[in-house]
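# Sequence and predicted structure below; questions after.
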Amino acid sequence: MEHAVKKDQFPLNELTIKLLKKLYLWNETPGQALSRVGCMLVALYPIVWLIPSWLFMVSSPDSLTQLLKAANEQIVFFTIFFKLCFFVINFRRWEGLFYALQRAFTSVMHDPDIEIQAILGHVDKSSHLLTKYYSSVLVFNCALYGTFPMLFVLVRYVLTGSYNVPLSTPIEANYFIPGYRTNFWIWLPLDVILNVLLELHGVMLFLVECFTWNMVHSTACMFRVLQVQANQLADHTREDQWGARMETFVTLHDAALRSAWELEEILSGQMLFIYMSTIFALCLGMTVLSIGFTDLYLMVSTGCVFGYCLFQTFSFSYLGTELIEESGAVADAIFHSKWHMQHVRKQKDLGFILMRAHKPVRLTTAKLFVVTRVSFTQVIKQAYTIFTLMSQFLDDTL
């Protein structure tokens with residue numbers, strides 16, 4: 001494999017890859033195993049967030065609201081851990097897919113066609129903007145979840161010399177440190193460390209998610225390039241250039257199809273887990289809000305979880321729909337071109353390409369259903385259905 005950053009290569013996901021390297025989640029030299037530092041950062045995640053939260057739930061707190069909030073956090077934080085582990089386990093496949101897709105874009109980087117250059121510019125710009133703005137939103141979300149409540153307690157203690165007990169931590173968790181939720185001077189250094197780790201893991205999460213989303217979007221944009229080339233190929237009449245253009249198109253189409261199929265294999269299991277966890281996180285979150293709607297901090301923290309779950313599910317649903325539409329549009333571009341005005345031999349060649357372009361390209365949830373915008377609405381409906389059942393059960397119990 002070639003090095004990822006060269007002037008003669010297309011800058012695919014340039015900013016995301018650069019930041020992944022900073023956190024040791026990407027290699028300077030392709031073909032190597034993921035850095036041990038990156039693996040250790042991922043391994044630190046359950047020790048800080050999952051195990052203490054689980055122990056808190058096992059300890060059976062008196063407050064039903066706290067128990068439901070902890071369960072909701074456990075679902076979301078375990079989903080995040082699953083994403084990070086999934087990236088580490090499939091790192092070599094992600095790396096191979098990235099460089100294959102980068103080579104495909106590099107092959108058309110100097111194409112003089114205005115439409116193709118516009119698509120390449122869109123891929124580069126959208127990747128940069130997604131990484132830039134999503135990182136800002138997610139870092140703010142983490143700060144809203146942990147840093148701001150800590151600063152509020154700190155400012156109140158400085159001004160009044162008092163604080164409310166129990167002191168808040170980023171999540172409902174039991175860290176087995178005496179006085180960590182009752183003694184300000186024990187709680188403060190612990191909470192600072194927890195918030196630093198929360199921001200660190202938040203940055204790792206947004207980089208992995210941006211990389212994944214950009215790979216799906218870039219694959220869909222490669223099918224857009226193929227649509228333009230399909231029109232050029234069908235309108236082309238020079239016999240001496242037909243064979244070369246045909247070979248170029250088939251090679252590029254093969255690269256796009258293999259990238260889409262590789263994405264389906266890598267993301268299939270992850271999609272099922274994300275959809276299921278989103279359903280339960282949303283219904284638990286709605287239950288928490290319905291019970292503790294007078295608690296401002298509870299409302300804010302639950303709202304952060306809500307926003308994250310909805311956005312990640314909608315993003316994959318939107319990109320899944322885009323991948324289906326753009327890949328199918330290649331066959332439409334050939335069918336609606338001037339193929340009927342070509343020589344019979346060329347018509348046969350275009351017919352084979354048309355048959356190949358009709359192969360389904362899509363993301364699925366472990367082959368159970370296709371990831372589309374329709375599936376996103378089904379998630380909302382299922383979450384609300386479970387929420388109504390839980391509300392009736394809680395009302396009867398109370």
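Received the coordinates, thanks. Numbering: from 1, shown residues only.
# List the buried residues in stretch 327-337.
Ser327, Gly328, Ala329, Val330, Ala331, Ala333, Ile334, Ser337 (16 or more other CB atoms under 10 Å). No exception for glycine: its C-beta is placed from N, CA and C like everyone else's.
# Reformat these as JSON lines; add secondary structure, pLDDT and distance to Pro170.
Converted to JSON lines, the buried residues of stretch 327-337 look like this (DSSP: H, G, I helix; E, B strand; the rest coil; pLDDT from 0 to 100; distance: CB to CB, whole Å):
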{"residue": "Ser327", "secondary structure": "helix", "pLDDT": "90", "distance to Pro170": "41"}
{"residue": "Gly328", "secondary structure": "helix", "pLDDT": "89", "distance to Pro170": "44"}
{"residue": "Ala329", "secondary structure": "helix", "pLDDT": "89", "distance to Pro170": "45"}
{"residue": "Val330", "secondary structure": "helix", "pLDDT": "87", "distance to Pro170": "47"}
{"residue": "Ala331", "secondary structure": "helix", "pLDDT": "83", "distance to Pro170": "50"}
{"residue": "Ala333", "secondary structure": "helix", "pLDDT": "80", "distance to Pro170": "50"}
{"residue": "Ile334", "secondary structure": "helix", "pLDDT": "77", "distance to Pro170": "54"}
{"residue": "Ser337", "secondary structure": "coil", "pLDDT": "67", "distance to Pro170": "56"}
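# List the residues that contact Gly285.
Neighbour list for Gly285: Asn72, Thr302, Val305, Phe306, Cys309 [criterion: CB atoms under 8 Å, 6 or more residues apart in numbering].
# Ramachandran angles for it?
Phi and psi for Gly285, reported as degrees, to the nearest 10, are phi -60, psi -40.
# gap between it and Asn141?
To Asn141, Gly285 is 14 Å away according to CB to CB, to the nearest Å.
# what do you get for Pro112?
43 Å.
# The two - which one has more neighbours?
A direct count of neighbours by other CB atoms under 10 Å for Pro112 and Asn141 places Asn141 higher, at 18 against 6.
# and the more buried one, that's in a helix?
Yes: according to DSSP: H, G, I helix; E, B strand; the rest coil, Asn141 belongs to a helix.
# pretty sure it is touching Cys304, no?
Yes: assessed by CB atoms under 8 Å, Asn141 is found in contact with Cys304 at 5.2 Å.
# per-residue confidence averaged over stretch 10-23?
Taken as a whole, stretch 10-23 has a mean pLDDT of 93.
# And for stretch 379-390?
For stretch 379-390, the mean confidence score works out to 80.
# what's in contact with it?
For stretch 379-390, contacts defined as CB under 8 Å, 6+ apart pick out Tyr275, Thr278, Ile279, Phe280, Leu282, Cys283, Leu284, Met286, Thr287, Thr313.
# where are the low-confidence patches of the protein?
For the chain, the stretches with pLDDT under 70 are 1-7, 60-62, 234-241, 291-295, 297, 337-347, 349, 393-398.
# Show me the helices in it, by range?
14-22, 36-45, 51-58, 64-89, 91-107, 114-142, 148-160, 184-235, 239-291, 296-335, 344-357, 373-397 (DSSP state H).
# Make a markdown table from those and add distance to Thr364 to it.
Output for the helices of the chain, formatted as a markdown table (distance: least, CB to CB, whole Å):
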| stretch | distance to Thr364 |
| --- | --- |
| helix 14-22 | 25 |
| helix 36-45 | 26 |
| helix 51-58 | 31 |
| helix 64-89 | 16 |
| helix 91-107 | 17 |
| helix 114-142 | 23 |
| helix 148-160 | 39 |
| helix 184-235 | 13 |
| helix 239-291 | 6 |
| helix 296-335 | 9 |
| helix 344-357 | 20 |
| helix 373-397 | 10 |
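# out of those, nearest to Leu167?
helix 184-235 (4.5 Å; CB to CB).
# what about Ser168, how many neighbours?
For Ser168, using other CB under 10 Å, the count is 18.
# Between the helices of the chain, which one is closest to Thr365.
helix 239-291 (4.0 Å).
# so that closest one versus helix 184-235, what angle?
On the basis of axes from the mean of the first three to the mean of the last three CA atoms, to 10 degrees, helix 239-291 is oriented at 150 degrees to helix 184-235.
# how far out from the middle of the chain is helix 239-291?
Put simply, helix 239-291 sits 11 Å off its chain's centre (CA atoms, centre = their mean, to the nearest Å).
# in stretch 256-271, what counts as buried?
Going by 16+ other CB under 10 Å, stretch 256-271 has these buried residues: Ala256, Leu257, Ser259, Ala260, Glu262, Leu263, Glu264, Ile266, Leu267, Ser268, Gln270, Met271.
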